[in-house]
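1. Fold the following.
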Amino acid sequence: MNSNIFDRLSFLTLAVVVVLLPLFCLPFTNIPVEISKGLLLVLGLAIGIIFWAMARFFDGKIVLPKSWILVSGLGIVIVFLFSALLSSNSQASMFGTMFDPRSFWFIFAGFILMFLSSVIFRTSKQAKMVLLGIILSSAVLLIFQTLHLFVPDTLSLGILSGKTANLLGSWNVLGLFSGFACLMFLLVVEFFPVSKIVKIILQIFILLSVLLVATVNFYLTWILLGISALIIFVYKASLSFQQTSEEDKKKNFPTVSFVIVIVALLFFLNPQIPIPKVGPMYLGSTISNLLKISNTEIGPSFSATLSTTKGVLLKDPILGMGPNRFGEAWAMYKPIEINTAAINGIEFWDVYFESGSGLLSTLTATTGGLGILAWIVFLVLFLVMGSKSIFSSIKKGVNSEMIAFFVLSLYLYISLFFYSAGPVIFLLALSFTGIFIGLATAGKDEHILISFLNDHRKSFFSIMGLILLIILAVATSFKYIERFASISYFGKAVSATTVPDAEANIGKAISLYSNDLYLRTYSQIYIAKLGSLANKGSALSEQEKTELQASFDQAVRSSQLAVAQNPSNYINFLLLGAVYNTAGALGVKDAYPKAVEAYQIASNLNPLNPGIKLSMAKVSLSDGKTKIAKDYANSALELKPDYIDALLILSQIAKSEGDTSEALSLAEKALVLSKNNKDIAEYVNSLKGPSSTPKPDSNANKPKQ
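-> I've put the predicted structure just below:
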């Protein structure tokens, strides 16, 4: 059989993966859009590898690009593998809850995508086909997301909730991708020989992408798009000035690039503009205000991410604590200033951040010095090779595709450094890098050729290696699909309206893939069941009493399993403490001390969290240990001086001890921090006594003379 057939099939399969990444989703399911991208990636890579390996069987040779970027990429994969294997929570580091973008297997799959792209996409014709596919899919995505802003319910697909929901992930990711699409259209308009009609169509989509960027109004997008357009404008303008005739100068002058530079500058400066019947409004928020779009996205700052990375390096300097464990690192090493920080009135001292300020900074934060070094080497080699290739292409005046893929990859990598942009941006960056490597090495004929049909020894080992590769691809995809199937049941469990339905679905999810998130949900279902039975009080039948005990046992058991699954995640111990606290409220002996013990471990894993200290204070207070409760509450207040709940607990303790003046002082401090809270105001008035209530006017009801 001709190997060209399998080569074409492998090309088609990989091209479909790259082209459909922005659009792919599973409508009318309980599966989030970002997780659905993993299904496309795994199945596409598995099928692509099988076809590529079959082609190698028939032609008897393997051609690999000779590139130091690929070698450095392999270095990143090796560092992530050892870091994950030596992690105290290897399951989270290897795979995560569901093929997390920070886990080893996702990184491995991403670099396999880059490698296959460099091997399969090696001609300008192939690169043009992929670029055309990305242009079409981006255009469809921009049209869909624009229409979704006006009819979000009609175009929800059963998985998108609200105007800001999109097929890429977060709202800001949509802005970054719109900037990426605008840059891609601009590169084609300025550097590719296309017809006038195609240029007009692309200019329309440039306008649409700029409008979407303005709607999202993410500053990073304006900076990247503005700088990129400025570089294109300067380069094209310098070429146009070299033209001999005035007609050629006007024809080649980069008007579109100039307009984008001006628009980006205006939105970056963000001046106020008068809107008729509305009043003055900042330019950046004009479109979002008119469309009534609100989006508040919080995350660690770059300095806070560096602080967390520093803490990890001090403890595990070589390989870190393991991939996909930034949340645990954040809990342990976050700066104390977080406890008093707020964005738009929203506090996030108790938020479990799984990513830092950027995806690349997150990946390096938990993989130690070797992880940081590996990424630096990879990015430096990419920049060096890209710069050489661009200057070489400019000098020779050829290979616009190679320039386009390098520039677009660079845009995506910068986005990933400054923002946690999710799987689509990351995978597109790696696949575009692979295409760039394939084009750069093919032009210079830089490749490694392994021919094995004429040598029996080479033939045996090569064919055995190809067979093992096919087996590994099939086995990995089947194992992934099994875990992927659990997501549907988990979604049904979370959205279930009755406890039995939730119980049945979460049981199926755990049977397919056991992890601490599923086990915590399992425990929470039984806590809800426990609460509904406990509310009946003494009216419980014997059967219900038995069911109450069984629910308690299941809640404790599943919480303990979650702790055993991931003993480094403080959230698992918080849940275990909550289970024992509920049991203590129902009169179970020795439940309160066990709750405090679980909360103490959680506090050790998240030492700067005042909420855990306060939970220990509440449990101790319920157990009648007032002095210990007071110490815990004071510890919470030391960590967060404006902690209203801690002030109120201390006020109640002071009131129980008969110190009314101290109770009133603490309550008034809480009221100052929350002036509009009626409950606190009533509590303060109750502490002041009857004299604080204004007496009615004795003459108020007398008839007027």
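
2. And the helices in the stretch 1-150 of the chain?
-> Counting by DSSP state H, counting those that start in this stretch, the stretch 1-150 of the chain has helices at residues 3-20, 33-59, 68-85, 90-94, 104-120, 124-150.

3. nearest to Phe348, of the ones you listed?
-> When the helices of the stretch 1-150 of the chain are compared by Cβ to Cβ, helix 33-59 sits nearest Phe348, at 21.1 Å. Glycine gets a C-beta too; all of them are placed from N, C-alpha and C.

4. For the closest one, could you pull out the residues that count as buried?
-> For helix 33-59, the neighbour count (16 or more other Cβ atoms under 10 Å) marks 33-57 as buried.

5. Count the residues that sit near the closest residue to Ser635 other than its chain neighbours.
-> Excluding the flanking residues, the one nearest Ser635 by Cβ to Cβ, 6 or more residues apart in numbering is Lys613, at 4.6 Å. Residues within reach of Lys613, counting by other Cβ atoms under 10 Å, total 25.

6. any idea how far Ala646 is from Lys613?
-> Lys613 sits 8 Å away from Ala646, going by Cβ to Cβ, to the nearest Å.

7. anything in contact with each of those two?
-> Common neighbours of Lys613 and Ala646, using Cβ atoms under 8 Å, 6 or more residues apart in numbering, are 633, 636.

8. pLDDT of stretch 450-460, averaged?
-> Stretch 450-460 comes out with an average pLDDT of 72.

9. for stretch 636-646, that is, sorry about that
-> 93.

10. Name the residues of it that are buried.
-> In stretch 636-646, counting by 16+ other Cβ under 10 Å, buried: 636-637, 639-640, 642-646.

11. circling back: the residue nearest to Ser635 is in what secondary structure piece?
-> helix 610-622 (DSSP states H and E).

12. Beyond that helix, next helix or strand please.
-> Heading C-terminal from helix 610-622 (DSSP H and E), you reach helix 626-639.

13. got the contact list for that following helix?
-> 336, 339, 608-611, 613-614, 616-618, 620-621, 643, 646-647, 649-650, 653, 656-657.

14. Swap in 7 Å and give it another go.
-> With Cβ atoms under 7 Å, 6 or more residues apart in numbering as the test, helix 626-639 has contacts from 339, 608, 610, 613-614, 616-617, 620-621, 643, 646-647, 649-650, 653, 656.

15. cool, stretch 300-311 as well?
-> Counting by Cβ under 7 Å, 6+ apart, 329-330, 332-335, 338, 353, 356-357, 361, 364-365 sit against stretch 300-311.

16. related to what we said a few turns ago, quick check: the residue nearest to Ser635 touching Ala602?
-> No: using Cβ atoms under 7 Å, Lys613 is not in contact with Ala602; the gap is 10.1 Å.

17. Report all helices and strands that the helix holding Lys613 contacts.
-> helix 570-585, helix 591-605, helix 626-639, helix 644-656 (3 or more Cβ pairs under 7 Å, 6 or more residues apart in numbering; DSSP states H and E).

18. just those helices: most buried one?
-> helix 570-585 (a mean of 23; mean count of other Cβ atoms under 10 Å).

19. and the angle for that helix with helix 610-622?
-> Relative orientation of helix 570-585 and helix 610-622, computed by axes from the mean of the first three to the mean of the last three Cα atoms, to 10 degrees: 20 degrees.

20. I would like the residues contacting helix 570-585, please.
-> Here helix 570-585 has contacts from 331, 352, 516, 520, 523, 527, 530, 552, 555-556, 559-560, 562-563, 566, 591-592, 594-595, 598-599, 601-602, 605-606, 612, 615, 619, 622-623, using Cβ under 7 Å, 6+ apart.

21. distance between it and the chain's centre?
-> Centroid separation between helix 570-585 and its chain, computed with Cα atoms, centre = their mean, to the nearest Å, is 28 Å.

22. pull the CA atoms of it into PDB?
-> Provided in PDB are the C-alpha atoms of helix 570-585 (Å, rounded to 0.1, in the frame of the first residue of the first chain):
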ATOM      1  CA  TYR A 570      -6.200  21.900  52.700                       C
ATOM      2  CA  ILE A 571      -9.800  21.900  51.200                       C
ATOM      3  CA  ASN A 572     -10.000  18.100  51.900                       C
ATOM      4  CA  PHE A 573      -9.300  18.700  55.600                       C
ATOM      5  CA  LEU A 574     -11.800  21.600  55.700                       C
ATOM      6  CA  LEU A 575     -14.500  19.200  54.500                       C
ATOM      7  CA  LEU A 576     -13.500  16.600  57.000                       C
ATOM      8  CA  GLY A 577     -13.700  19.200  59.800                       C
ATOM      9  CA  ALA A 578     -17.100  20.300  58.500                       C
ATOM     10  CA  VAL A 579     -18.400  16.700  58.700                       C
ATOM     11  CA  TYR A 580     -17.300  16.300  62.300                       C
ATOM     12  CA  ASN A 581     -18.700  19.700  63.200                       C
ATOM     13  CA  THR A 582     -22.100  18.700  61.800                       C
ATOM     14  CA  ALA A 583     -21.800  15.400  63.700                       C
ATOM     15  CA  GLY A 584     -21.000  17.400  66.900                       C
ATOM     16  CA  ALA A 585     -24.100  19.500  66.400                       C
END
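
23. what inclination does it have with respect to helix 591-605?
-> 160 degrees.

24. For helix 570-585, the averaged confidence score.
-> Rounded mean pLDDT across helix 570-585 is 91.

25. One more: stretch 285-302?
-> 84.

26. Buried residues of that stretch, list them for me.
-> 286-288, 293, 295, 299-300.

27. same thing with stretch 675-682?
-> So stretch 675-682, judged by 16+ other Cβ under 10 Å, has buried residues Ile680.

28. what do you get for stretch 382-393?
-> Neighbour counts over stretch 382-393 (16+ other Cβ under 10 Å) mark 382, 385-386, 389-390, 393 as buried.

29. Do me a favour and average the pLDDT over that stretch.
-> Rounded mean pLDDT across stretch 382-393 is 83.

30. now do stretch 479-495
-> On average, stretch 479-495 scores 89.

31. In that stretch, which residues are buried?
-> Buried residues in stretch 479-495 (16+ other Cβ under 10 Å): 480, 483-484, 486-493.

32. ok, back up a step: what's the farthest-apart pair in the contacts of stretch 300-311?
-> Ile338 and Thr364 (20.7 Å).

33. who's more crowded, the two?
-> Shown here are Ile338 and Thr364; by other Cβ under 10 Å, Thr364 has more neighbours (26 against 22).

34. Spatially, what comes nearest to Tyr413 if we skip its sequence neighbours?
-> If the residues on either side of it in the chain are set aside, Tyr413 comes closest to Ala429, at 5.5 Å by Cβ to Cβ, 6+ apart.

35. part of a helix, is that neighbour?
-> Yes: counting by DSSP: H, G, I helix; E, B strand; the rest coil, Ala429 is part of a helix.

36. quick one: contacts for it?
-> 409, 412-413, 416.

37. any idea how far Tyr580 is from it?
-> Counting by Cβ to Cβ, the gap from Ala429 to Tyr580 is 46 Å.
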